[in-house]
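Student: coords please:
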Amino acid sequence: MTADTTIPAFCQGISYFGQELPGMREYGTNAAIRVAPNTKSISSPSSPAAVFQTLLAADALRYLTLQITASKASGHPGGFASIADTIAALVMLGYKHIITEVGHHAPGFYSNMFLDRSLETMGIKTVADMAERFREMHGLLGHLSGQIPGLLNPAGPLGQGQHFAMAGAKLHPGILFPVTIGDGGLGEPYVMSSFGHFHTAYPQVTNFLPILVWNGYSQEHHSMVSTKSNEEMIAYWQSHGFEQVILVNAKDYDDTNQSGAYVDSTQFSFPQRLAFTQAVLEATDKAAKSALGGKLTVLIVKQLKGAGVHKRGAQSHNLYPGDTLEKDYIVSALKARALSPAAWELVRTNFERAGGGSAVDTVVTEKELPLPELGPLPLQEFPVGEAKQVATTAMGELVAHVGKQDPNFVITNADGNAASGINNINMALKILHPTPDDIYFQGPKGQVYEPLSEDACAGLAAALSLFGARTLWCSYESFAINGVPIWQTVTQAMAELRHVTPATITLFTAGALEQGRNGWTHQRPEIENYFGSMMRNGNIFPLFPCDANAIQVCYQWALSRKNQGIIITASKSPLPIRTTFSQTQQALEDGAVVLQETPGKKMVTFAVIGDITLIPVFAGAAQLEEQGIGTRIVSVLSPRRLYRPDDIGWQSCTESDGHFLDDAGFERLFGGDVLIGVTGGASGMLEPIMLRSTVKRDVFAWRRGETAASAGEIMVYNGLTAEALAKRATELL
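Tutor: From the prediction side, this is the model:
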């Protein structure tokens, strides 16, 4: 680093500076984004100064991406390098609500936020700071998360980014939400199907812009779409309903005779680099205006992976130990992209001014979305012991009220609400469909979103919630696993967010015990172990209401929560009323509620998760009582409350919740001579109870599925019977 005092302070840490590029004196004297009222972008995508300065910005992004990854010999520079020109074009055109589905593009996105000064919010003011904090705790994570100022969405598993773009577009008409999609990620089945369903449901919402990063390679090999011709790729998007397909092919500008269909624009002569940059700028401008103007639009940029960094193709994807700043090919690549101090200052000025200021100050996700008041919920408390009620139906009445009060509210369901006992939601809010049909309660203004994909259901609901709206994702327990990865991504992001957003709420119905006639294909309660492990995040609350009263209180509570994931699991079968509202309210604090306690010479406590599972437990308790053995039946509503404070990571969560049942309360609920945990799902949900109990104990849980005619038969098949429970309790005594 030279001691030249003309070097901008933010450039501290840059390894190499370059000479002025041709045209700097003519086109780089003044920033292309001028200081003027309502000016947030370049004046024209064809302006020579704008084109020249966009090229500088693309080189700056590539340089920073490679320098910060090489500083740790870790991270992914290659994929972002192939789309850096387009990211630079978006910024120069004033668009900063940029989303990605490619977590591996993280260092490029961090570079973008560094250049517009958003990262200063987290104390990153120089290139040296950025390199020091890259891939470090409380710094710049290897993949995008909820912590990074100015960035709109987390990015991890492929096939998710489009949900965030569509959610943002729905909530914020008039704002463009570009989303970069890798050609490797295009192989995920969710991307195009979710675009298709969303556009059918919301044809008026087109202000999201997919940008296909068509660079020919995936992580370790050629991408599966690398063999498509340009015509085939255009037809592919058209066949999925995209009215405007704009393709920019770097090869059309190549004057260096590069081989293959995918080429590197940074190898062109300087005039041709400018020609390609202008083509990208003009195409991006055209695509943005098309999307904002009501046409479903995609921008495809075809350029070799790794363009302008240390290697090309899949070999550019990530750095390995040894790929340091001293490595010859890293040094060579950095020197090739190095800018002069004046060019760095010019890029920084444009990025600061673009979009009206730093992204951290301007993008919609940096502020809490205003929500309409819901007013009192239409709660209906059924008398304890009353004839059986369907819990999901009782909750459905509350969901309908929420939807009527909040026009942004969306409920998503792949299997259909009627199948989950909540057709009352369809009746009140209507299924969103272009074909009006009163028989099915559907129409174009509905709030019930029903794609036949759990990923699309979970994706839109979770993304809308992350962007600040109220939602509900409803699924059969057996199929929900297909949507959980994005829900997990969002809940983890919520734990890290710097602002408040509504909890993302789910309702999982039709558990394994209700699905006997469908056989094991509909009996996959192992998902409960997934959520059991997620509880240790600190902001995940699985809830198991035991009746129609409890589920209403659980949903009311969930609506009040922020930055958390609330999982409500309940049956769609008519079941007895066992609790009052006040008991459930207390159980949400304590984690559980005693449903029945009878004295005896010894005390057997049953810790029960679920509602149908209570049936054999009550019967088993009756058998023990005949032997003079005392029993206590405890319904576990919120297992997360039953952990010890040091078991989970609640302290670092946004809107942290550090309330746990104390030892005296735990002994009151679960003390005795024998403890038996009972669940119709996976045993992991009982972990907090088994960790704390010191008495003889055992677990009855799901084993495997089988075809059966009733819940009782499935419980017998899995050993969940009154006789087995009573026998094991006696043995332990």
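Student: For the stretch 501-650 of the chain, which residues score under the pLDDT cut-off?
Tutor: For the stretch 501-650 of the chain, not a single residue meets the criterion pLDDT under 70.
Student: What segments of it are strands?
Tutor: 504-509, 540-543, 565-569, 574-575, 592-598, 603-609, 630-636 (DSSP state E, counting those that start in this stretch).
Student: Distance from the chain centre to the first one, please.
Tutor: On the basis of Cα atoms, centre = their mean, to the nearest Å, strand 504-509 sits 15 Å off its chain's mean C-alpha point.
Student: returning to what we had before: now tabulate the strands of the stretch 501-650 of the chain in CSV and tack on distance to residue 676 and mean neighbour count.
Tutor: Heads up, the C-betas are built off the backbone N, CA and C, glycines and all. Output for the strands of the stretch 501-650 of the chain, formatted as CSV (distance: least, Cβ to Cβ, whole Å; neighbours: other Cβ atoms under 10 Å):
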stretch, distance to residue 676, mean neighbour count
strand 504-509, 24, 28
strand 540-543, 20, 25
strand 565-569, 20, 26
strand 574-575, 21, 16
strand 592-598, 14, 19
strand 603-609, 5, 26
strand 630-636, 10, 25
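Student: Can you add distance to residue 126 and give those strands back as TSV?
Tutor: Below are the strands of the stretch 501-650 of the chain laid out as TSV (distance: least, Cβ to Cβ, whole Å):
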stretch	distance to residue 126
strand 504-509	37
strand 540-543	37
strand 565-569	37
strand 574-575	62
strand 592-598	53
strand 603-609	52
strand 630-636	52
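Student: Of all those strands, which one is nearest residue 436?
Tutor: For the strands of the stretch 501-650 of the chain, the distance to residue 436 is smallest for strand 504-509, at 26.4 Å, taking Cβ to Cβ.
Student: neighbouring contacts of that closest one?
Tutor: 392, 395, 420-422, 458, 461-462, 465-466, 471-477, 480, 487, 490-491, 494, 527, 555, 558-559, 564-572 (Cβ atoms under 8 Å, 6 or more residues apart in numbering).
Student: Who are the packing partners of the helix or strand harbouring residue 494?
Tutor: Using DSSP states H and E, residue 494 falls within helix 484-496. Here helix 484-496 touches helix 454-466, strand 504-509, helix 527-534, strand 565-569, going by 3 or more Cβ pairs under 8 Å, 6 or more residues apart in numbering; DSSP states H and E.
Student: what angle separates it from strand 565-569?
Tutor: 140 degrees (axes from the mean of the first three to the mean of the last three Cα atoms, to 10 degrees).
Student: Give me the contacts around helix 484-496.
Tutor: 145-147, 153-154, 156-157, 160, 163, 455, 458-459, 462-463, 465-466, 473, 501, 503-504, 506, 527, 530, 534, 537-540, 563-565, 652-654.
Student: 6 Å - rerun?
Tutor: 145-147, 154, 156-157, 160, 458-459, 462, 466, 504, 539, 563, 565, 653 (Cβ atoms under 6 Å, 6 or more residues apart in numbering).
Student: swap in stretch 143-154?
Tutor: 99, 103, 106, 109, 113, 118, 121-122, 155-156, 164, 359-360, 363, 365, 489, 493, 496-497.
Student: any idea of the mean pLDDT in it?
Tutor: Stretch 143-154 carries an average pLDDT of 91.
Student: so how far is it off the chain centroid?
Tutor: 11 Å.
Student: quick one: low-confidence parts of the stretch 151-300 of the chain?
Tutor: Short version for the stretch 151-300 of the chain, where the test is pLDDT under 70: none.
Student: now the strands for it?
Tutor: 177-182, 208-214, 244-249, 297-302.
Student: Quick one: closest of those to residue 36.
Tutor: That would be strand 177-182 among the strands of the stretch 151-300 of the chain, by Cβ to Cβ, at 24.5 Å.
Student: Buried ones in the closest one, by neighbour count?
Tutor: 177, 178, 179, 180, 181, 182 (16 or more other Cβ atoms under 10 Å).
Student: ok, now stretch 259-274?
Tutor: Those buried within stretch 259-274 under the rule 16+ other Cβ under 10 Å are 261, 262, 263, 264, 265, 266, 267, 268, 272, 273, 274.
Student: what does stretch 381-389 give?
Tutor: Here stretch 381-389 shows 381, 382, 389 as buried, counting by 16+ other Cβ under 10 Å.
Student: Grab the nearest non-local neighbour of the second one.
Tutor: Counting by Cβ to Cβ, 6 or more residues apart in numbering, residue 577 is the residue found nearest to residue 382 once chain neighbours are left out, at 4.6 Å.
Student: go on, the last one?
Tutor: Nearest-residue entry for residue 389: residue 548, 3.8 Å, with adjacent residues in sequence omitted and distances by Cβ to Cβ, 6+ apart.
Student: mind listing what that neighbour touches?
Tutor: 382, 389, 391, 394.
Student: secondary structure class for the last one?
Tutor: Three-state call for residue 394 (DSSP: H, G, I helix; E, B strand; the rest coil): helix.
Student: Identify the residue spatially nearest to it, adjacent ones excluded.
Tutor: Nearest to residue 394 is residue 548, by Cβ to Cβ, 6+ apart, at 3.9 Å.
Student: State the distance from the one you found to residue 45.
Tutor: Distance, residue 548 to residue 45, using Cβ to Cβ, to the nearest Å: 60 Å.
Student: what residue lies at the spatial centre of this protein?
Tutor: residue 490 (3.1 Å; Cα atoms, centre = their mean).
Student: pLDDT at that residue, what is it?
Tutor: At residue 490, pLDDT is 96.
Student: Can you give me the neighbour number for the closest residue to it other than its chain neighbours?
Tutor: Nearest residue to residue 490, sequence neighbours excluded (Cβ to Cβ, 6+ apart): residue 462, at 3.9 Å. The number of residues packed near residue 462 is 31, by other Cβ atoms under 10 Å.
Student: same thing with residue 572?
Tutor: 18.
Student: Compute the distance between it and residue 75, please.
Tutor: 47 Å.
Student: just residue 214 next, same as before
Tutor: 22 Å.
Student: Over to residue 167?
Tutor: Distance from residue 167 to residue 75, by Cβ to Cβ: 28 Å.
Student: the more surrounded of the two?
Tutor: More crowded of residue 167 and residue 75, by other Cβ under 10 Å: residue 167, with 30 against 24.
Student: residues in contact with the more buried one?
Tutor: 463, 464, 467.
Student: Need the nearest residue in space to it, chain neighbours excluded.
Tutor: Closest to residue 167 by Cβ to Cβ, 6+ apart is residue 463, at 3.7 Å.
Student: List the contacts of the residue nearest to residue 490.
Tutor: 486, 487, 490, 504.
Student: same thing but 7 Å
Tutor: 473, 486, 487, 490, 504 (Cβ atoms under 7 Å, 6 or more residues apart in numbering).
Student: got it, and residue 421?
Tutor: Residue 421 neighbours (Cβ under 7 Å, 6+ apart): 390, 392, 393, 509, 572.
Student: Thanks again, I'm all set now.
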